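> Build me a structure from this.
(chains A and B)
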Protein chains: 2
Amino acid sequence: MTGNVIVGQSGGPTCVINASLAGVYKTAKDRGATKVYGMLNGIKGLLERRYVDLAEHLKGDLDIELLKRTPSSYLGSCRYKLPEICDNREIYDTIFEILGELNINYFFYIGGNDSMDTIKKLSDYAILINSDIKFIGVPKTIDNDLAMTDHTPGYGSAAKYIAASTKEIIRDGLVYDQQSVTVIEIMGRNAGWLTAAAALAKGDDCEGVDLIYLPEIPFDIDKFMTKIKELHKVKKSIVVAVSEGIKVADGRYVFELTDHIEFVDMFGHKQLQGTAKYLTELISREIGCKTRAIEFTTLQRAASHLASRTDITEAFQVGGAAVKAASEGYTGRVVVLERVSSDPYICGTDIKDVHKIANVEKKVPLEWINVEEASVSSEFIRYATPLIQAELSPIMVNGLPKHIKLNL
Amino acid sequence: MTGNVIVGQSGGPTCVINASLAGVYKTAKDRGATKVYGMLNGIKGLLERRYVDLAEHLKGDLDIELLKRTPSSYLGSCRYKLPEICDNREIYDTIFEILGELNINYFFYIGGNDSMDTIKKLSDYAILINSDIKFIGVPKTIDNDLAMTDHTPGYGSAAKYIAASTKEIIRDGLVYDQQSVTVIEIMGRNAGWLTAAAALAKGDDCEGVDLIYLPEIPFDIDKFMTKIKELHKVKKSIVVAVSEGIKVADGRYVFELTDHIEFVDMFGHKQLQGTAKYLTELISREIGCKTRAIEFTTLQRAASHLASRTDITEAFQVGGAAVKAASEGYTGRVVVLERVSSDPYICGTDIKDVHKIANVEKKVPLEWINVEEASVSSEFIRYATPLIQAELSPIMVNGLPKHIKLNL
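Prediction:
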């Protein structure tokens, strides 16, 4: 490829979003790109002319290896949605002016479905103004909710962290000769992919979680309590995985259920943290046993010390595939992962029209959810298991994983 | 050594309490013990004659290796304090009767300062009744609050998990072009050792936490808010580490501070989870910026996937040293770790009179805490850094760390 490249990262960070950045950078350089710029804080930073020449920061193969192992967005991120073209052409003109100043021929944006909206609008505008710049989206999200792709880079590592931590928590719950109920709250407001990953903890050395509740299905609090009471009769330690976003039939989030004003936070805010806490207090009130509420919080997307090597490899690959597609002349496309088989796991890349991906949310198929048993099906296990396989050892320095930091 | 051995685990689990069990088991077998029994759920289970012959469950070196890598107590645990001897001799007679039935010559108990109380009372009673059974305590606690020992097995791994996770959270906080305050709540009701470990995140690739608050020092909420406001003027992302047990000058826990009834839980319980949540809501109200409250919860003591090899090795060693001490005729003793030097790190074992250890709580020395800067001193860093060094790779099967499970 000839000419200059610019790449940005957008939306919530993941463990492997930097592996995709590494894939774009290394492939572009290998294919002969003159300059590879990184926009700082995504398109928002680009609008303020904030960018770096990546070659000045990534000095060699060790830096690339560190980048693959560094969580969160190396270039910084933003949550910024471009206006509709018809509403504000000026902002598009500014962006293309800046891209012109930098002689950009190829534009890559690593992100989720909101970020793909940016690729859609910019590639549409390029057609309008007859620009030759190629715009390609690189998929990323722990939520796994992107359409048209088998899965998204970032999901496998988050799923591995969730499965391993759930396994450790289950074991911890077994030690006392006393009954307890642990409720683990997992990210995913509308899609239950991450919560379902708690099911992967089960194996011949782990009994697994007892109940799983995804946001795809309305949550029935009475049925839940009935199940807990039944389990309580036969089991010492009960562990439940719930999505932060589960709602009851009338559409209220579970953490909003209480009619006790005490349960709303100090300022009356609706907060998505609190589902596990609400449920454990309910159990504690009705059964009186020991309960624990555990939230995995930010660590789900940041714990690169336990990343999936499959995930890191694929994140790098989609970055490389984006560069290949752009240099072959494609624009307005998103790289997707296409699974050939699950056992043995074989997965390749393809490119799809961004208009079919932007702003679409992919949920867990309802047929993979067993509502009566509050569990996920073996299809889900077959789907997700390959994605958490293998590790890429962190580079440990002084007892801790070493990261690479952008020094500005 | 000749005769039979019994070993139990007590108190809160850690990542390495099973490495100490492995140390006791393997050393006892190597030294010629006939039987090595494991009591189930500690002394409480022993009183119900619940125990196993460990040789029937630990079949070889692979099992020993898995045991070293399995978090939580393999034999189960209990929280049970023996009555004073003068108040209830019957219970002691029952215990010695059971030990007699099993022809026990050596009794080992792995636990914290409450568990060492069990060793103290049993060894005292043995003197009273002229029993020859040797009672030795094996130290364990993530809290690092045991007296007479440089540190306790379990602390190094918890500290490593806290430091690594804090480092990942700090990095996650930096990505958006928006101000935020993150408050991380860490275990340790009275002693700040675990919270102080958040300071280990700092390095040339990580700016570290901005403020650290330990329970050893009364918490001044006004000074805290002043510091946050000052940092807020100059920094984008602020990260604070607080102990779950910090209290204000009048002795109330910080999470009890609010005069809003909303902040007390649904049942009016005082809960030790909630300090971070209280502080972030306060910051959100006074400054109006984005905040996050993160609790490390159970994972601090269960995340063996990121255990410290130094810690695992020492946990095994104290188990072995306990067996050696008992076979040399000592009783009423606890194995301690004695540091010879920090750089290079050299640490050996010794034995101490259990009467000097049981029920004593060791806190962070006040001279290691910088109250004005809300930080810990370089002495703490020098003390703790060697304890988090090196890893013992989990044995990964199907993408997750493999554990060993006691099948009854």
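> Tell me where the stretch 251-400 of chain A is predicted with low confidence.
A:258-273 (pLDDT under 70).
> which residues of it fall in strands?
A:290-295, A:333-342, A:345-353, A:369-370, A:375-376, A:396-397, A:400-401 (DSSP state E, counting those that start in this stretch).
> Show me what the third one is packed against.
The helices and strands touching strand A:345-353, judged by 3 or more Cβ pairs under 8 Å, 6 or more residues apart in numbering or on different chains; DSSP states H and E, are helix A:309-327, strand A:333-342. All C-beta spots, glycine's among them, are computed from the backbone N, C-alpha and C.
> which SS class is the spatially most central residue of chain A?
Ranked by distance to the mean C-alpha position of chain A (Cα atoms, centre = their mean), the top residue is residue A:142 at 1.2 Å. Secondary structure, DSSP: H, G, I helix; E, B strand; the rest coil: residue A:142 is coil.
> Please work out which of the helices and strands packed on strand A:345-353 is packed deepest.
Among the helices and strands packed on strand A:345-353, ranked by average contacts under mean count of other Cβ atoms under 10 Å in any protein chain shown, first place goes to helix A:309-327 (a mean of 25).
> Excluding residues flanking it in the chain, which one is nearest the residue nearest to the centre of chain A?
residue A:158 (3.9 Å; Cβ to Cβ, 6 or more residues apart in numbering or on different chains).
> looking only at pLDDT, what's the mean for the strand or helix carrying that neighbour?
Using DSSP states H and E, residue A:158 sits within helix A:155-173. Computed over helix A:155-173, the mean pLDDT rounds to 97.
> any low-confidence regions in the stretch 1-150 of chain A?
For the stretch 1-150 of chain A, no range has pLDDT under 70.
> re earlier: can you tell which of the helices and strands packed on strand A:345-353 is closest to chain B?
helix A:309-327 (8.3 Å; Cβ to the nearest Cβ).
> How far away from the center of its chain is the helix holding residue A:158?
16 Å (Cα atoms, centre = their mean, to the nearest Å).
> between that helix and strand A:290-295, what angle do the directions make?
For helix A:155-173 against strand A:290-295, the angle between stretch directions is 160 degrees (axes from the mean of the first three to the mean of the last three Cα atoms, to 10 degrees).
> who does helix A:155-173 touch, helix- and strand-wise?
The contact analysis (3+ Cβ pairs under 8 Å, 6+ apart) places helix A:155-173 against strand A:180-186, helix A:193-196, strand A:237-243, helix A:299-302, helix A:309-327, helix B:299-302, strand B:400-401.
> if I read this right, residue A:14 contacts residue A:74, doesn't it?
No - between residue A:14 and residue A:74 there is no contact under Cβ atoms under 8 Å: 11.8 Å.
> which of those two has more neighbours?
Just comparing residue A:14 and residue A:74: by other Cβ atoms under 10 Å in any protein chain shown the higher neighbour count belongs to residue A:14, 34 against 27.
> Make TSV out of the helices and strands packed on strand A:345-353 and add distance to residue B:380.
Formatted as TSV, the helices and strands packed on strand A:345-353 follow (distance: least, Cβ to Cβ, whole Å):
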stretch	distance to residue B:380
helix A:309-327	34
strand A:333-342	46
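> right, so of those, which gets closest to residue B:245?
Closest to residue B:245 of those is helix A:309-327 (Cβ to Cβ; 37.5 Å).
> Dump the closest one to PDB, keeping only the CA atoms.
In PDB, the C-alpha atoms belonging to helix A:309-327 read as follows (Å, rounded to 0.1, in the frame of the first residue of the first chain):
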ATOM      1  CA  ARG A 309      -4.500 -16.000  23.400                       C
ATOM      2  CA  THR A 310      -7.100 -17.000  20.900                       C
ATOM      3  CA  ASP A 311      -8.600 -13.600  21.500                       C
ATOM      4  CA  ILE A 312      -5.400 -11.700  21.200                       C
ATOM      5  CA  THR A 313      -4.400 -13.500  18.000                       C
ATOM      6  CA  GLU A 314      -7.800 -12.800  16.400                       C
ATOM      7  CA  ALA A 315      -7.700  -9.100  17.600                       C
ATOM      8  CA  PHE A 316      -4.300  -8.800  15.800                       C
ATOM      9  CA  GLN A 317      -5.700 -10.600  12.700                       C
ATOM     10  CA  VAL A 318      -8.700  -8.400  12.300                       C
ATOM     11  CA  GLY A 319      -6.400  -5.300  12.400                       C
ATOM     12  CA  GLY A 320      -4.300  -6.900   9.700                       C
ATOM     13  CA  ALA A 321      -7.300  -7.900   7.600                       C
ATOM     14  CA  ALA A 322      -8.600  -4.400   7.800                       C
ATOM     15  CA  VAL A 323      -5.300  -3.100   6.300                       C
ATOM     16  CA  LYS A 324      -5.400  -5.700   3.600                       C
ATOM     17  CA  ALA A 325      -9.000  -4.900   2.700                       C
ATOM     18  CA  ALA A 326      -8.200  -1.100   2.500                       C
ATOM     19  CA  SER A 327      -5.200  -1.700   0.400                       C
END
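> Between strand A:345-353 and that helix, find me the angle.
Going by the same axes, to 10 degrees, helix A:309-327 makes 30 degrees with strand A:345-353.
> Can you spell out which helices and strands pack onto the one helix or strand residue A:212 maps to?
Using DSSP H and E, the element containing residue A:212 is strand A:211-213. Counting contacts by 3+ Cβ pairs under 8 Å, 6+ apart, strand A:211-213 packs against helix A:193-196, helix A:221-234, strand A:237-243, strand A:375-376.
> at 6 Å instead, please
strand A:237-243 (3 or more Cβ pairs under 6 Å, 6 or more residues apart in numbering or on different chains; DSSP states H and E).
> Nearest residue to residue A:319 in space, please, no chain neighbours.
Using Cβ to Cβ, 6+ apart, the closest residue to residue A:319 is residue A:23 (2.3 Å).
> Kindly report the same for residue A:330.
Once flanking residues are discounted, residue A:330 sits nearest to residue A:351: 6.0 Å by Cβ to Cβ, 6+ apart.
> what about the closest residue to residue A:323 other than its chain neighbours, distance to residue A:122?
Using Cβ to Cβ, 6+ apart and skipping residues adjacent in sequence, the residue nearest residue A:323 is residue A:27, 4.1 Å away. Distance from residue A:27 to residue A:122, counting by Cβ to Cβ, to the nearest Å: 21 Å.
> How about residue A:299?
33 Å.
> quick one on the thing from earlier: which residues does the residue nearest to residue A:330 bridge with?
Beta-bridge partners of residue A:351, counted by DSSP bridges, are residue A:335.
> what does residue A:51 give?
For residue A:51, the beta-bridge partners under DSSP bridges are residue A:39.
> ok, it touching residue A:42?
No - using Cβ atoms under 6 Å as the test, residue A:51 is too far from residue A:42 to be in contact (10.6 Å).
> Between those two, tell me which one has more neighbours.
residue A:42 (28 against 20).
> excluding its backbone neighbours, what's nearest residue A:212?
In space, residue A:212 is closest to residue A:241, 4.9 Å off (Cβ to Cβ, 6+ apart).
> Can you tell me how far the one you found is from chain B?
14 Å (Cβ to the nearest Cβ, to the nearest Å).
> what sits against that residue?
A:184, A:186, A:195, A:198, A:209, A:212 (Cβ atoms under 6 Å, 6 or more residues apart in numbering or on different chains).
> Just name the closest of the residues you listed to chain B, please.
The shortest gap between chain B and any of those belongs to residue A:184, at 9.5 Å (Cβ to the nearest Cβ).
> circling back to that earlier point, in JSON lines, list the helices and strands packed on helix A:155-173 along with distance to residue B:393.
Below are the helices and strands packed on helix A:155-173 laid out as JSON lines (distance: least, Cβ to Cβ, whole Å):
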{"stretch": "strand A:180-186", "distance to residue B:393": "25"}
{"stretch": "helix A:193-196", "distance to residue B:393": "26"}
{"stretch": "strand A:237-243", "distance to residue B:393": "26"}
{"stretch": "helix A:299-302", "distance to residue B:393": "20"}
{"stretch": "helix A:309-327", "distance to residue B:393": "13"}
{"stretch": "helix B:299-302", "distance to residue B:393": "18"}
{"stretch": "strand B:400-401", "distance to residue B:393": "9"}
